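*Asks:* Here you go, sequence then predicted model.
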Number of protein chains: 2
Amino acid sequence: MRETIAWLGGEPLFATPLRIVRPAFPAVEDLVSDLETILDSGRVTNNGPFVVEFERWLSEYLGADTLVFCNGQTALLTMLKASGIEGGEVIVPAFTFPATVHAIRWSGAAPVFADILDDGTFRINPDDVRRKITDKTVAILAVDPYGIACDYADLDEIGRDRRIRVLYDSAAAFGTRLGGRAVGAFGDAQIFSFHATKAFSCMEGGALCSRDPTILRRARALRNFGQVAEGDFSEVGLNGKMMEVSALIGLKQRSGFESSRTVRLRSVARLREGLETIPGILVGKAPRGQEPIWLYLPVVIDEEAFGLDRDDVAAALQKENLHVRKYYSPPCHRLAPYLGHRDDLLPVTDYVASRILALPVYNDMKDYECDLIVQAFAELHAASAKISRLSSRDV
Amino acid sequence: MRETIAWLGGEPLFATPLRIVRPAFPAVEDLVSDLETILDSGRVTNNGPFVVEFERWLSEYLGADTLVFCNGQTALLTMLKASGIEGGEVIVPAFTFPATVHAIRWSGAAPVFADILDDGTFRINPDDVRRKITDKTVAILAVDPYGIACDYADLDEIGRDRRIRVLYDSAAAFGTRLGGRAVGAFGDAQIFSFHATKAFSCMEGGALCSRDPTILRRARALRNFGQVAEGDFSEVGLNGKMMEVSALIGLKQRSGFESSRTVRLRSVARLREGLETIPGILVGKAPRGQEPIWLYLPVVIDEEAFGLDRDDVAAALQKENLHVRKYYSPPCHRLAPYLGHRDDLLPVTDYVASRILALPVYNDMKDYECDLIVQAFAELHAASAKISRLSSRDV
């Protein structure tokens, strides 16, 4: 047992850094043969056989036709364009990675920010969405924060009632289960990311899933520069093509994913059990009937009860070699490109964003790693009075 | 010697199809060790060491600081955004792959089409650019068709005189040499593609090269969702990141590229020598002092002199198992998304686009393949009278 926490001069709890993500990929031996096929054929991109097979599996897994993309952001740009978004207002949470809001700007529309729920799930508040709808609203672009699925049923209903598009940026949520099956066919369309930081990764990659044949047809053309037949470019497209090598890695990730998902759920349960005994830590919750993939485990730090504020906690954990992130902070309505929206009242977003920390959750997380994370928080809380006295003396 | 051409029932000249491109990649044995390093480290994207090394080499090769991207189109979108293009008019040739013009639309600006030169080089006409400049013009986005560098000196001068941006979509031109060195640091910025169809390929990939530190700084942020420091998003960015595996392939392509370039030049010379003896074929030319990379060899078919029109020639060559393309036809002002511009008078573009064919040029092209291509055209011309008689009888 060390004498004191790292911030006060003790040894770091983690001998080597526990990083915010720990991506795991197939062994190179398992790839060589297929890789040789790909490189020798010269067919390395442009809807090759591995992409086709990966899309077939994804369509089955997600429960609706799915197209893959070079990355999640390109899937997102494509989803907006394929849904006919070219102007007007799109309602979006400010509590999200800025990529979500950027995509609205790229489409030519303007973001209108909605607040999140005050229930520990960080999901967009459907009642605030209702309040923000005007005659300029063309779509809701909702988000699954940390992989926690937002209220699809309620949002889909708003879309039907008000005849606006309902689109889901589920970049973090591939593998999240709702009522026993993977989320994937909600709203008009839904996108996912397979970036290296994600629980299911192709290195870089994304997917668009939809039940709407028009959106799928347009998205397929948009992904290939808007081309529908040789020389016939019906859309202002881009290059959204996934490489064969990414699809190959995706196909290889399938077999281990179910056990990775179980490890993530078990690790989050273990972290939760430990962290909830410490004053001033609110641990993010899953809505009933849902198993989020838990891209990270979000916790809200209440300075008064914990004894230190979020920024001090993050700095202290860094000294323990425990890397956490302040996702999603600052919230998007506080970022330079969106400051015109500054007057929006988003009280829950502002409260949470200034107190949030995202903790690592891995596909291969060990119980002792969870226990050390809990220990780091517990010891920090125990030392908080001493740290505060030292800090006030510094002043 | 066969009795007749394939269209009239003879055996195809090519036993196996000669496709429009024949990409060549490193052998998998040469990649395994580095690939293992990449996959085991989990650092598969986000500006990893292979990307950094590839950028270092590119900056030296191109003669100015260079950033790499997931593909050329994303580099192009980024170039426009990093140059401050958000509206106004951008002058662009209609004789280009539509990706060029799409990027202008994605940026929020409007394309204004300029005609090409009538000198067999298919380059944008600087005098027509001058004529198209209005007080709304914010930039010229010129193109290097088939890798033939446009008139950088003249265009750069227009930009300086009129105080507008000069940007180059050199997607096809990586490896083109001007005055003995690779083109790369012209205008305000210049982009390249490393797509599988290109002479230098990373499977998918692109690069942005510039001497302007502001453009580079903005492009670097834009490529990473607009992020300049953790939580500080200054720009409406996207995900433009190149994967490590693409950078690895790029690094491995360096050693063979100079000899590939030589093969391409020699093959084009051989094709030219043969094709120029056939009536009704105008072979694309290199401007003085320039060695284009010749992504394809463009030829213009004069129906009267050759005896068949371009579409019939393409169909007849297809039966010989010789795959050609009608790049860049239809020209962009004739495409659905740009029909508002239909009244633009672009006589050279319209003349060329209805008569153009792009012939394959490979990094490993064989002399006999060049000779068979010439033979295919020669025999087709010789049979053209007979074909025309048969066709008129069909009517």
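*Replies:* Structure received. Numbering: from 1, shown residues only, chains lettered A, B, ... in the order given.

*Asks:* What's the per-residue pLDDT of A:His341 here?
*Replies:* According to the model's per-residue confidence, A:His341 sits at a pLDDT of 60.

*Asks:* Ignore what I typed, I meant A:Val395.
*Replies:* The predicted local distance difference test score for A:Val395 is 46.

*Asks:* who in the stretch 151-300 of chain A is up against chain B?
*Replies:* A:195-196, A:201, A:203-204, A:225-227, A:230-231, A:233-239, A:241, A:243-246 (Cβ under 8 Å from any Cβ of the partner chain). Heads up, the C-betas are built off the backbone N, CA and C, glycines and all.

*Asks:* and these, which are buried?
*Replies:* When burial is judged by neighbour count using 16 or more other Cβ atoms under 10 Å in any protein chain shown, the buried members of these are A:195-196, A:201, A:203-204, A:225-227, A:233-239, A:241, A:243-246.

*Asks:* For A:Gly240, see how far away A:Gln227 is.
*Replies:* With the distance defined as Cβ to Cβ, to the nearest Å, A:Gln227 ends up 12 Å from A:Gly240.

*Asks:* Over to A:Ser391?
*Replies:* 50 Å.

*Asks:* Which one's more surrounded, these two?
*Replies:* Taking other Cβ atoms under 10 Å in any protein chain shown, A:Ser391 and A:Gly240 do not tie; A:Gly240 has more neighbours (27 against 11).

*Asks:* Now do the contacts for that one.
*Replies:* A:Gly240 is in contact with A:69-70, A:74-75, A:77-78, A:222-224, counting by Cβ atoms under 8 Å, 6 or more residues apart in numbering or on different chains.

*Asks:* Go through the residues you listed and flag which are in helices.
*Replies:* Residues of those located in helices (DSSP state H): A:74-75, A:77-78, A:222-223.

*Asks:* most neighbours, which of these?
*Replies:* Across the ones in helices among the contacts of A:Gly240, the neighbour count under other Cβ under 10 Å reaches its highest value at A:Ala75, namely 33 neighbours.

*Asks:* on that earlier part again, give me the subset of the residues of the stretch 151-300 of chain A next to chain B that lies in helices.
*Replies:* Residues from these lying in helices, with DSSP H as the criterion: A:244-246.

*Asks:* Tell me the one of the residues you listed nearest chain B?
*Replies:* A:Val245 (5.9 Å; Cβ to the nearest Cβ).

*Asks:* mind giving me a markdown table with the ones in helices among the residues of the stretch 151-300 of chain A next to chain B and columns for pLDDT?
*Replies:* Supplementary listing: these in a markdown table, determined by pLDDT from 0 to 100:
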| residue | pLDDT |
| --- | --- |
| A:Glu244 | 98 |
| A:Val245 | 98 |
| A:Ser246 | 98 |
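
*Asks:* the helices in chain A, which residues?
*Replies:* In order along the chain, chain A carries the following helices (DSSP H): A:32-41, A:49-62, A:72-82, A:99-107, A:126-132, A:152-162, A:213-223, A:244-275, A:303-306, A:310-319, A:347-353, A:367-394.

*Asks:* ranking the ones you listed by mean pLDDT, which is last?
*Replies:* Taking each of these in turn, the lowest mean pLDDT turns up on helix A:367-394, with a mean of 90.

*Asks:* returning to what we had before: narrow the residues of the stretch 151-300 of chain A next to chain B to those in strands?
*Replies:* Counting by DSSP state E, the part of these found in strands is A:227, A:233.

*Asks:* who's in contact with the residue nearest the centre of chain A?
*Replies:* In chain A, the residue lying closest to the centroid (Cα atoms, centre = their mean) is A:Ala172, at 2.6 Å. In this structure, A:Ala172 makes contact with A:144-147, A:193, A:198, A:293, A:295, judged by Cβ under 8 Å, 6+ apart.

*Asks:* if I look at it, how far off is A:Leu339?
*Replies:* In this structure, A:Ala172 and A:Leu339 are 25 Å apart, going by Cβ to Cβ.

*Asks:* burial of A:Ala27, as a residue count?
*Replies:* Once other Cβ under 10 Å is used to define contacts, A:Ala27 is seen to have 11 neighbours.

*Asks:* of all the contacts of A:Ala172, which comes closest to B:Pro49?
*Replies:* Set against B:Pro49, the nearest of the contacts of A:Ala172 by Cβ to Cβ is A:Lys198 (21.6 Å).

*Asks:* how many neighbours does that closest one have?
*Replies:* Counted by other Cβ under 10 Å, the residues lying close to A:Lys198 total 23.

*Asks:* what's the answer for A:Glu304, then?
*Replies:* A:Glu304, neighbours per other Cβ under 10 Å, totals 8.

*Asks:* Just the pLDDT at the residue lying closest to it once chain neighbours are set aside, thanks.
*Replies:* Once flanking residues are discounted, A:Glu304 sits nearest to A:Gly280: 7.1 Å by Cβ to Cβ, 6 or more residues apart in numbering or on different chains. pLDDT recorded at A:Gly280 is 98.

*Asks:* what does A:Gly231 give?
*Replies:* Model confidence at A:Gly231 (pLDDT) stands at 89.

*Asks:* Could you pull up the residues touching it?
*Replies:* By Cβ under 8 Å, 6+ apart, the contact list for A:Gly231 reads B:326, B:329-330.

*Asks:* Same check on A:Lys326?
*Replies:* Residues in contact with A:Lys326, defined by Cβ under 8 Å, 6+ apart, are A:310-311, A:314, A:356-358, B:230-231.

*Asks:* Now, of these, which are buried?
*Replies:* A:310, A:314, A:356-358.

*Asks:* Show me the two of these that sit farthest apart.
*Replies:* In those, the most distant members under the criterion Cβ to Cβ are A:Arg310 and A:Ala358, with 11.1 Å between them.

*Asks:* gap between the residue of the stretch 51-200 of chain A found nearest chain B and A:Pro26?
*Replies:* The nearest approach of the stretch 51-200 of chain A to chain B comes at A:Gln73, 3.8 Å away (Cβ to the nearest Cβ). In this structure, A:Gln73 lies at 24 Å from A:Pro26, with Cβ to Cβ as the measure.

*Asks:* out of those two, which sits in the busier spot?
*Replies:* The residue with more neighbours, out of A:Gln73 and A:Pro26, is A:Gln73; 31 against 15, by other Cβ under 10 Å.

*Asks:* Please list all residues in contact with that one.
*Replies:* By Cβ under 8 Å, 6+ apart, the contact list for A:Gln73 reads A:99, A:102-103, A:193, A:206, B:225, B:238-239.

*Asks:* Same list, the residues you listed, but as JSON lines with distance to A:Leu335 please.
*Replies:* Listed next are the contacts of A:Gln73 as JSON lines, based on distance: Cβ to Cβ, whole Å:
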{"residue": "A:Ala99", "distance to A:Leu335": "12"}
{"residue": "A:His102", "distance to A:Leu335": "10"}
{"residue": "A:Ala103", "distance to A:Leu335": "14"}
{"residue": "A:Ser193", "distance to A:Leu335": "20"}
{"residue": "A:Gly206", "distance to A:Leu335": "22"}
{"residue": "B:Phe225", "distance to A:Leu335": "11"}
{"residue": "B:Leu238", "distance to A:Leu335": "15"}
{"residue": "B:Asn239", "distance to A:Leu335": "17"}
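
*Asks:* What is the nearest of those residues to A:Asp65?
*Replies:* If you rank the contacts of A:Gln73 by distance to A:Asp65 using Cβ to Cβ, A:Gly206 comes first, at 15.1 Å.

*Asks:* just checking, that closest one touches A:Thr74?
*Replies:* Yes - counting by Cβ atoms under 8 Å, A:Gly206 sits close enough to A:Thr74 to count as a contact (6.2 Å).

*Asks:* quick one: the nearest residue to A:Arg43 once chain neighbours are set aside from B:Ala171, how far?
*Replies:* Taking Cβ to Cβ, 6+ apart, and ignoring the residues beside it in sequence, A:Arg43 has A:Glu244 as its nearest neighbour in space, at 6.8 Å. From A:Glu244 across to B:Ala171, the span is 21 Å (Cβ to Cβ).

*Asks:* Nothing else from me, thank you.
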